[in-house]
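Trainee: For reference, the sequence and a predicted model appear below.
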There are 2 protein chains.
Amino acid sequence: MKKGLSLERVVEAAVEVADAEGLESVSMSRVAKQLDVSAMALYRHVATKDELVALMVDTALGAPPPPAGGGWRESLVYLAEAMRARLLEHPWTALAPVTGPPSSPNQLTWLDRVLHALRDTGLDEAEQLFCALLLSTQVQSGVALAVTVNRNPAAAALAAGYSDFLDRATADGRLPEVRRLVRAGVFAGAEMDMSMETEFRFGLERILDGIGALVRVR
Amino acid sequence: MKKGLSLERVVEAAVEVADAEGLESVSMSRVAKQLDVSAMALYRHVATKDELVALMVDTALGAPPPPAGGGWRESLVYLAEAMRARLLEHPWTALAPVTGPPSSPNQLTWLDRVLHALRDTGLDEAEQLFCALLLSTQVQSGVALAVTVNRNPAAAALAAGYSDFLDRATADGRLPEVRRLVRAGVFAGAEMDMSMETEFRFGLERILDGIGALVRVR
DNA sequence: GCCATCAGTTTACGGCATACGCGAAGCAGT
DNA sequence: ACTGCTTCGCGTATGCCGTAAACTGATGGC
């Protein structure tokens, strides 16, 4: 005999399914089967599937790690990398159509940590918020890119022969700058994973430099 | 008698539907009805729905505008704002689950323009590419945020009372930094549209400052 | 003992992407 | 001109989806 459903158990089961079979396999009936109940049973605890997905993302994100001293910049790097790592543990979070202003509990907690790091920079409150959002989208889009390349078979195939693909696409000379990069070997060799990682770091450093410039002015 | 289908006509019809009724209304049968044919007729010109969506996004993006002189920074601002404007004309592009490395023709053309602007900065090729991707995701995520807030009814309702919502969510004192911003009135009043716009500009300026710092080093 | 409330099931509906198959139209070889 | 074969253009049919609605059986307060 099952010990009775609960919101927690439902979300947990959905996360299990997503981790094991991908977000596209998360249907109400699939999650229900995981719990050995009928599909409609889930609607006792969740109003709609979208709500379930939002909850899934929030629990996958989890609470931020305990703060680890340092200046604002070190703190932000720490948080950004921690968040990236969390999301990469549950790659499907990147595919979930969840946008909009931060509202779920864990999302807000992460935001709070970021704002704490920015507290003594001299930036005004609106600027602090914008910086936080900027960092958050950098993390999320970085994860999304890494994930689509690794999961989606079409994208993966494309990524594998990306250099060749671009070589062919630019053969007619109408995209001289792209061709320039191809000839420079920017897309050649090297594991895609690593490339995604360095791209993320690069973007992060640029953003932090930009914030740093503003901090210096204030 | 219809003049016969073609890939062009199919994509065009799909874009019409998306513009008029949103991306979620774009189903094969809906597009087919628009063209007064049966659903399966579309599959003569398109292998799968995802392919159709990708083509839709590409045509909605369109070709970049003619270049308008100036230094690298002015050029990048120009391109970023032009792209944002294009995407906002077809808000559904932001909701399309299209990620992965740039591969569609127009996407590559925009990339080419951005790389052209970065040509004489002294950055190496990989750095130029990373900068281009960074800018591109900034534009896309900015549009995505603006769009979800304006389209999605739940998100819109939340955005309307966002300040109140956060006030309640932080009442227990566990999110002191977020509460700080709420009390500072960061989320109060002001049209959301405008806020989205200034957030986009802010992020763009930060990124460009960050790139500028790197350029100065090189 | 009665009845409201809960927790979960069964059934059903409309919409979706798309596998499959069928007739018609081109086209080759004779 | 006739035959066989391929390719096109499209309708029908299938199986899955989210979820509305009506049901059943258990639980617990009065």
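Mentor: Great, that's in hand.
Trainee: which residues does the spatially most central residue of chain A contact?
Mentor: In chain A, the residue lying closest to the centroid (CA atoms, centre = their mean) is A:Gln140, at 3.2 Å. Contacts for A:Gln140 (CB atoms under 8 Å, 6 or more residues apart in numbering or on different chains) come out as A:87, A:94, B:141. C-beta coordinates here come from the backbone N, C-alpha and C atoms, glycine included.
Trainee: Check A:Leu5 too.
Mentor: Taking CB under 8 Å, 6+ apart as the test, what A:Leu5 contacts is A:35, A:37, A:41-42, A:44-45.
Trainee: same thing with A:Arg119?
Mentor: A:Arg119 neighbours (CB under 8 Å, 6+ apart): A:128, B:177.
Trainee: The contacts of A:Leu5: which two are farthest apart?
Mentor: A:Leu35 and A:Arg44 (11.7 Å; CB to CB).
Trainee: Please say which of these two ends up with more neighbours.
Mentor: Set A:Leu35 next to A:Arg44 and count neighbours by other CB atoms under 10 Å in any protein chain shown: A:Leu35 wins out with 17 against 11.
Trainee: separation between that one and DNA strand C?
Mentor: Here A:Leu35 is placed at a distance of 9 Å from DNA strand C (CB to the nearest atom of the strand, to the nearest Å).
Trainee: The strand or helix carrying A:Glu12 close to DNA strand D?
Mentor: For A:Glu12, the element it lies in under DSSP states H and E is helix A:7-21. No - Helix A:7-21 is not in contact with DNA strand D by CB under 7 Å from any atom of the strand; minimum separation 10.1 Å.
Trainee: any residues touching that helix, and which ones?
Mentor: Against helix A:7-21 from outside (CB under 8 Å, 6+ apart): A:25-26, A:30-31, A:34-35, A:42, A:45-46, A:52-53, A:55-56, A:59-60, A:90, A:92.
Trainee: Give the residue spans of chain A that score low on pLDDT.
Mentor: For chain A, residues meeting the criterion pLDDT under 70 lie at A:1-3, A:151-160, A:189-193.
Trainee: Next one: A:Arg174 from B:Thr109, what distance?
Mentor: 8 Å (CB to CB, to the nearest Å).
Trainee: repeat for A:Ala169
Mentor: 11 Å.
Trainee: Report the contact partners of A:Pro67.
Mentor: A:75, A:113, A:116.
Trainee: Spell out which helix or strand contains A:Phe165, please.
Mentor: Counting by DSSP H and E, A:Phe165 is found in helix A:162-169.
Trainee: Determine if any part of stretch A:195-209 is in contact with chain B.
Mentor: Yes - for stretch A:195-209, a contact with chain B is found by CB under 8 Å from any CB of the partner chain, at A:198-199, A:202-203, A:205-209.
Trainee: Using CSV, please lay out these together with neighbour count, distance to B:Pro64 and secondary structure.
Mentor: Output for the residues of stretch A:195-209 next to chain B, formatted as CSV (neighbours: other CB atoms under 10 Å in any protein chain shown; distance: CB to CB, whole Å; DSSP: H, G, I helix; E, B strand; the rest coil):
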residue, neighbour count, distance to B:Pro64, secondary structure
A:Thr198, 13, 27, helix
A:Glu199, 19, 22, helix
A:Phe202, 19, 24, helix
A:Gly203, 24, 22, helix
A:Glu205, 16, 27, helix
A:Arg206, 25, 22, helix
A:Ile207, 24, 24, helix
A:Leu208, 23, 29, helix
A:Asp209, 19, 27, helix
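Trainee: For the helix or strand harbouring A:Glu81, give me every contacting residue.
Mentor: Per DSSP H and E, A:Glu81 falls inside helix A:72-89. Contact partners of helix A:72-89, identified using CB under 8 Å, 6+ apart, comprise A:60-62, A:64-65, A:67-70, A:93-94, A:110, A:113-114, A:116-118, A:120-121, A:135-136, A:138-140, A:142-143, A:146-147, A:200, A:204, A:208, A:211-212, A:215.
Trainee: For the helix holding A:Phe165, what is the distance to the chain centroid?
Mentor: 28 Å (CA atoms, centre = their mean, to the nearest Å).
Trainee: what comes up buried for it?
Mentor: Within helix A:162-169, the residues scored as buried using 16 or more other CB atoms under 10 Å in any protein chain shown are A:162-163, A:165-167, A:169.
Trainee: can you tell if that helix touches chain B?
Mentor: Yes - contact of helix A:162-169 with chain B is found when judged by CB under 8 Å from any CB, involving A:162, A:165-166, A:169.
Trainee: tell me which parts of chain A are close to DNA strand D?
Mentor: A:25-30, A:39-40, A:43, A:48-50.
Trainee: one more time with 10 Å
Mentor: Along chain A, the residues adjacent to DNA strand D under the rule CB under 10 Å from any atom of the strand are A:24-33, A:38-44, A:46-53.
Trainee: Mark which of those residues are part of helices, please.
Mentor: Among these, the ones falling in helices (DSSP state H) are A:28-33, A:49-53.
Trainee: Give me the distance between A:Gly203 and B:Asp120.
Mentor: From A:Gly203 to B:Asp120 the distance is 22 Å (CB to CB).
Trainee: again, but for A:Met196
Mentor: Taken as CB to CB, the span from A:Met196 to B:Asp120 is 28 Å.
Trainee: Which one of those two is surrounded by more residues?
Mentor: Each of A:Met196 and B:Asp120 has its neighbours counted (other CB under 10 Å); A:Met196 has more, 20 against 10.
Trainee: Wait, that one touches A:Ala144, no?
Mentor: No - at 10.4 Å, A:Met196 does not count as touching A:Ala144 under the criterion of CB atoms under 8 Å.
Trainee: How far off centre is stretch A:201-210?
Mentor: 17 Å.
Trainee: helix or strand right after the helix holding A:Glu81?
Mentor: helix A:105-118.
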